[in-house]
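1. Sequence and predicted model, in that order:
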Amino acid sequence: MSKGILSDTTKCTGCLKCVSACKETNKLEDDVPRIWQKNDGLSADNWTSVIQKPDNHYVRKQCRHCLEPACVSVCPVGALQKTLSGAVIYDSKKCMGCRYCMMACPFGIPRYEWDKTVPYMQKCILCYDKIKKGGQPACTNACPNGATIFGDRNELLKIAHKRIKDNPAKYINKVWGEHEAGGTSVLYISDIDLGFLSYKTNIGNKPLPEKTAPAMESVPFTFVGMGGVMLGLNWIIKRRMDLSKEKNKKIRKIDE
Amino acid sequence: MNRVRNTKLVLWLITGLAAAVVLNRLIFGLGITTNLDDATPWGIWIGFKLGLVALAAGGFVVTAIYYIIKREEFHPLVKPAVLIGFLGYISFVSSLIFDLGLPWNIWHMIIYWNPRSPLFEVGWCVMIYTTVLLLEFSPVPLEKYSRYAKARNFLMKYRFILVLLGIMLSTLHQSSLGTLFMIMPFRLYPLWYSHILPVQFFISAIAMGITMVAFAELTVSWLYRRRPQSNLIEKLLSLASWVLVLYFIVKMADIIYSGSFGIIFNGKWESNLFIFEVLTSIIIPAILFLIPQLRKKKLVQWLGPLILVNGIALNRINVAGLAMSDSTGNSYTPMWTEVVLSLGIVSTAALVFLFIIENFHVWDGLLTKTEKNFTNSYPHLYTLNGWKGIPDNLNIRFHSLAFILSFAAGMFLMSGNHLHSGGVDNIKVRRATGIDTLIINGNRDDQFVIFPHQAHIERLGKDKCNLCHHFKLPDYKLNNCSDCHTSMYKPVDFFNHDWHTSVKGGNLKCNECHKAGETRSIQSAKSCDACHQNYKFALGEKATSKYFIPSYTDAMHRMCLTCHEKEQRKPQVKVLNNKRDLLNCSTCHSIQFPNNRKENLNKELNVNVQHFNNVILPK
């Protein structure tokens, strides 16, 4: 049962109640703009933000909880996990601070506690403790307009398509997150283009871990293959050297 | 001429600077000691580390040439190559300590596995390969001690296996370092992104490793005034040139195949960087090394490797972050600390390198310090033991002094203000504009708070100014919040010491505020209200000995919210709850100027509030 969130930007009024609910639930500190922050409002103390776009458009930004997350596949110590419930969760006890997850995320979600002497990565975990017990995340619970709703991913997809079908003039005919990067648990429908949510507007529909998979799968073969090639090479060269030695001996014998 | 001494002096100076950076990095965290940020979490350090690993590739290439392909003439370079490899890996691992956020968790890779991660594979390979290199090299120091003869013989016996294992492991992680970046096609500029990045990394590492061994042979010969083995250097350079040709073919074929050949010459910054990189990492060195007449020349043997090493290091730095600013929209320039720390790691490694070759038999024809006939056979090498006849221990003092001085310089260069800022920019607060309705510019683009000043005066009463304005100064009506709360997000010290000692400010003498006989600090000073009886703080706080005033944002929030909370509780406001919720941030913070800024500025001056969307002003 993969859960997810559907955000409808046409319903969002930018009240930021999701942001403050998130802060309260996850006990995040007050947000102060630091030199290392990006201007999308996310930070180590802000796991979700509302981006203001011209003409009263508000777009909520948060972790997309990809179906095949790049961050999970690259973490060398497995500190990030994709759970059955859909949430991508983080185990700070395992983390060693390599920041590869931040590099690999196509949406630029993971943030770092750059000011701390003992820094951790920070990102939305879909209120894993709550959804595990059958509840819903703090943000969707706090939304007064139903602009961001929680539910089963498949059902959310149905709702999204239904809304677009019922009101084709209002929406752009696309559910963001349905296929992008192999699909994400957090979906969007909108009347403006949401390409700005990822680094490149078109990141493709293939899951990102597939990009490294062939190289990683060939690792054992490379290892054994290289050893084989080297041994073979060594054998041939040795043999040739032995042969030439014998030849020399023979020549010497003939000479004698 | 004291080549060794002066070279070591430079190395110690850089190491001292880097040590200061390391100390600050470990205390204050990554954010303020580097220019890394949320969009560029990997910077020049990673690129530099990838360069170090490529540089250390000489270890496996030369052993392969000697043990596998059985080219006996390379024997004199086997030990140096293994030493370079070993030190390269040691410095790679130790530089991780400053780059990782939680370096004490580095061993977690051993117990928590994620075989899908290229970094996991690199980590394991590096761990094992560093051990292999240690075992490969340890016969050299063990040679000195006869009681370890058994262990040495054992290692020598199984050398071939170690070498073979080393080659296999190197192949894996040299290429896997390229795999690291295959998951981020959205970050990397298309000229660098490739499906065969691992292959490219592997080939270029071989070229860099070979050249580095040749360069080390040349440098060590220059330092200790021995004749370099020119025939071997030439052979290595010629080999490197063919590897470079292969690298060029692979790289170009890949770019043409992926269809991004056209963007090489599009004049963009990244494209020009690519051209520069290809010139320095492939074309120039390849031409220099390919032509036999050229590679015989001393100048070419010196310059060529330098160009190549820098070129390939640049390639690693480009892949690791420099070539990403186009897609992330985030410009990253390394801070001086990052550059110094990178150089410091190499300098430290070089110092260890020099120590080892001076004390153990690594280089053929280079006697070690402990050998009896050392000074007699090589009088010109006396520089090794002393300087101008000064004994060795003075030399050590000289270098220690250099280290300490440059460490102090490094500490001095780290700006205290910056270190203690916690990464908060010092944004100066400007005076709010408007008369009856203040437009409070929060200094974030197009984010304004409209404060109906006149309406507040009318509601609160005309003599209640001190509810908000703290000071009853003669012209208190003109007092602006930003006069004292000068910084947007940082708490500041509002006591102006210079003003109080100036003629205009009362020309106060020390003893008038500080108690006689005590240290003149904030603690020993009078509090403000001892002199200024009329100073009132809005929230009922008295002027105490604490001179810190909250940042502008904190002050405004505290000031507005306390009153808003009070007002919200009144019954008549609750009726209007749907219309304006006084406790909702967006009641004040949702004003957005339309895109055309110029037009807005005029409107800002006219204070025509009607055009602001989404704001409900009190009647």
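-> Alright, I've got the coordinates.

2. all contacts plus neighbour counts: C-alpha atoms, from now on.
-> Will do.

3. Let me know how buried the nearest residue to residue B:228 once chain neighbours are set aside is, in neighbour terms.
-> Leaving out its chain neighbours, the residue that sits closest to residue B:228 by CA to CA, 6 or more residues apart in numbering or on different chains is residue B:221, at 5.3 Å. Applying other CA atoms under 10 Å in any protein chain shown, we find 17 residues neighbouring residue B:221.

4. Now name the helix or strand holding residue B:221.
-> helix B:197-223 (DSSP states H and E).

5. And that helix, what's buried?
-> B:197-218, B:220-221, B:223 (16 or more other CA atoms under 10 Å in any protein chain shown).

6. Same question for stretch B:124-132.
-> Those would be B:124-127, B:129-132, for stretch B:124-132 by 16+ other CA under 10 Å.

7. Pull the distance from that stretch to the chain's centre.
-> 26 Å (CA atoms, centre = their mean, to the nearest Å).

8. Next one: it, is it in contact with chain A?
-> No: Stretch B:124-132 stays clear of chain A (CA under 8 Å from any CA of the partner chain), getting no nearer than 10.0 Å.

9. could you check the distance from residue B:99 over to chain A?
-> Residue B:99 sits 8 Å away from chain A, going by CA to the nearest CA, to the nearest Å.

10. repeat for residue B:136
-> 17 Å.

11. now the strands: where do they sit in chain A?
-> A:3-8, A:49-53, A:57-61, A:80-82, A:88-90, A:111-112, A:121-122, A:148-152, A:186-189 (DSSP state E).

12. Could you tell me the least trusted of those strands?
-> Across the strands of chain A, strand A:49-53 has the smallest mean pLDDT, namely a mean of 86.

13. Tell me which residues are up against that strand.
-> A:14, A:16, A:19, A:40-42, A:58-62 (CA atoms under 8 Å, 6 or more residues apart in numbering or on different chains).

14. what does the domain assignment say about chain B?
-> What automatic domain parsing lists as the domains of chain B is B:40-334, B:424-491+B:550-619, B:495-546.

15. Setting the sequence-adjacent residues aside, check what's closest to residue B:450.
-> Sequence neighbours aside, residue B:439 is the residue nearest to residue B:450 in space, at 4.9 Å (criterion: CA to CA, 6+ apart).

16. what helix or strand does that neighbour sit in?
-> Per DSSP H and E, residue B:439 falls inside strand B:437-441.

17. Following the chain past that strand, name the next helix or strand.
-> Downstream of strand B:437-441, the first helix or strand assigned by DSSP H and E is strand B:447-452.

18. I'd like to know which elements that next one is packed against.
-> Using 3 or more CA pairs under 8 Å, 6 or more residues apart in numbering or on different chains; DSSP states H and E, the elements in contact with strand B:447-452 are strand B:437-441, helix B:585-589, strand B:591-592.

19. pLDDT on it, on average?
-> 75.

20. CA atoms only for the helix or strand just after it, dumped as PDB, please.
-> Next along the chain after strand B:447-452, taking DSSP H and E as the criterion, comes helix B:453-460. What follows is helix B:453-460 as a C-alpha-only set of coordinates in PDB (Å, rounded to 0.1, in the frame of the first residue of the first chain):
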ATOM      1  CA  HIS B 453       0.500  53.300  11.200                       C
ATOM      2  CA  GLN B 454      -2.200  55.900  11.400                       C
ATOM      3  CA  ALA B 455      -4.900  53.300  12.100                       C
ATOM      4  CA  HIS B 456      -2.800  52.000  15.000                       C
ATOM      5  CA  ILE B 457      -2.400  55.500  16.500                       C
ATOM      6  CA  GLU B 458      -6.100  56.100  16.300                       C
ATOM      7  CA  ARG B 459      -6.900  52.800  17.900                       C
ATOM      8  CA  LEU B 460      -4.400  52.900  20.700                       C
END
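
21. I'd like the distance from helix B:453-460 to the chain centre, please.
-> Taking mean C-alpha positions (CA atoms, centre = their mean), helix B:453-460 and its chain are 52 Å apart.

22. ok, and what's touching the next helix or strand after that helix?
-> Next along the chain after helix B:453-460, taking DSSP H and E as the criterion, comes helix B:481-484. Outside helix B:481-484, the residues within contact range by CA under 8 Å, 6+ apart are B:429-431, B:469, B:494, B:549, B:552.

23. so what's the closest residue to chain B within the stretch 151-256 of chain A closest to, chain neighbours aside?
-> With CA to the nearest CA, the shortest gap between the stretch 151-256 of chain A and chain B falls at residue A:234, namely 4.8 Å. Nearest non-adjacent residue to residue A:234, counting by CA to CA, 6+ apart: residue B:68, 4.8 Å away.

24. ditto for residue B:215
-> Closest residue to residue B:215 apart from its sequence neighbours, by CA to CA, 6+ apart: residue B:305 at 6.3 Å.

25. how about that neighbour, what does it touch?
-> Counted by CA under 8 Å, 6+ apart, residue B:305 has contacts B:211-212, B:215, B:285.

26. now swap in residue A:12 and tell me
-> By CA under 8 Å, 6+ apart, the contact set of residue A:12 is A:57-59, A:145, A:147-148.

27. Are any of those residues buried, and if so which?
-> For the contacts of residue A:12, a neighbour count by 16+ other CA under 10 Å gives the buried set as A:57-59, A:147-148.
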